[in-house]
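Novice: fold the following.
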Amino acid sequence: MKKCFYFLSLLFLIASCTEEVKFNNPAFQTLKDNVFWRAESYKAYSSSNGSIIIEGSLGFEKVILQAASPIEKTYALGADDLSKALYSDTTASKATAFSTGTNSGNGQIVITDYDTETNTISGTFRFTAVNLDKSDTEKPAVNFTEGVFYKVPIEPVQTQ
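Specialist: Predicted structure coming up:
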């Protein structure tokens with residue numbers, strides 16, 4: 001009887017041990033001011049001027065990355081308006097918007113894979129964007145580091 005009990009206990013133990021593996025494929029995540037931030041929804045699309053736009057959203061927050069083209073290379077931010085990054089939080093109590101642009105903010109977008117067969121894009125990013133509201137001295141900038149977008153689906157061309 002003891003052997004039967006031990007055998008059933010062991011069988012129950014083995015059967016209850018499962019490994020649930022969750023893959024982030026596709027994914028859009030980063031560290032926002034050193035706090036982990038993962039988008040709930042994401043998409044990418046080409047604009048009519050040839051640039052590629054990658055968006056990630058989490059609730060009222062949105063990160064928009066714009067690279068001058070989808071070609072696999074590094075795009076510097078803060079030099080012009082062809083490649084830029086934007087962050088917005090549209091929470092009703094205090095809507096804020098931050099951006100890089102010509103002589104404003106800094107960072108980079110690195111496109112590592114532009115797959116035309118599966119119509120996806122992958123890469124990394126980091127940037128510091130300045131607050132568009134110059135009177136907001138409490139939060140003059142927002143910092144994103146270790147950003148990754150992986151196999152984000154590219155939608156058909158949209159006009160701006």
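Novice: quick one: the helices in the chain?
Specialist: Using DSSP state H, the helices found in the chain span residues 2-16.
Novice: how many neighbours does residue 49 have?
Specialist: 11 (other Cβ atoms under 10 Å). Quick note: C-beta positions are derived from backbone N, CA and C, even for glycine.
Novice: whoops, residue 119 was the one
Specialist: Neighbour count for residue 119, taken as other Cβ under 10 Å: 14.
Novice: try residue 91
Specialist: 11.
Novice: quick one: it and residue 60 touch, right?
Specialist: Yes - between residue 91 and residue 60 there is a contact at 4.7 Å, judged by Cβ atoms under 8 Å.
Novice: show me what contacts residue 65?
Specialist: Residue 65 makes contact with 53-55, 85, 109, 125, 149, according to Cβ atoms under 8 Å, 6 or more residues apart in numbering.
Novice: in this structure, which spans are strands?
Specialist: Applying DSSP state E to the chain gives strands spanning 27-32, 35-38, 41-47, 52-58, 61-67, 74-77, 84-89, 96-99, 106-115, 120-131, 141-158.
Novice: would you turn the contacts of residue 65 into JSON lines with neighbour count?
Specialist: Below are these laid out as JSON lines (neighbours: other Cβ atoms under 10 Å):
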{"residue": "53", "neighbour count": "18"}
{"residue": "54", "neighbour count": "25"}
{"residue": "55", "neighbour count": "19"}
{"residue": "85", "neighbour count": "30"}
{"residue": "109", "neighbour count": "26"}
{"residue": "125", "neighbour count": "24"}
{"residue": "149", "neighbour count": "27"}
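Novice: just give me the closest of these to residue 140.
Specialist: Minimum distance to residue 140 across the contacts of residue 65 is 16.0 Å, recorded for residue 85 (Cβ to Cβ).
Novice: re earlier: mean pLDDT for the strands of the chain: which is lowest?
Specialist: Lowest mean pLDDT of the strands of the chain: strand 141-158, a mean of 89.
Novice: tell me the strands beside that strand, with direction?
Specialist: Strand 141-158 has the following strand partners under DSSP bridges: strand 27-32 (antiparallel), strand 41-47 (parallel), strand 120-131 (antiparallel).
Novice: pick out the residue nearest the middle of the chain.
Specialist: In the chain, the residue lying closest to the centroid (Cα atoms, centre = their mean) is residue 28, at 3.3 Å.
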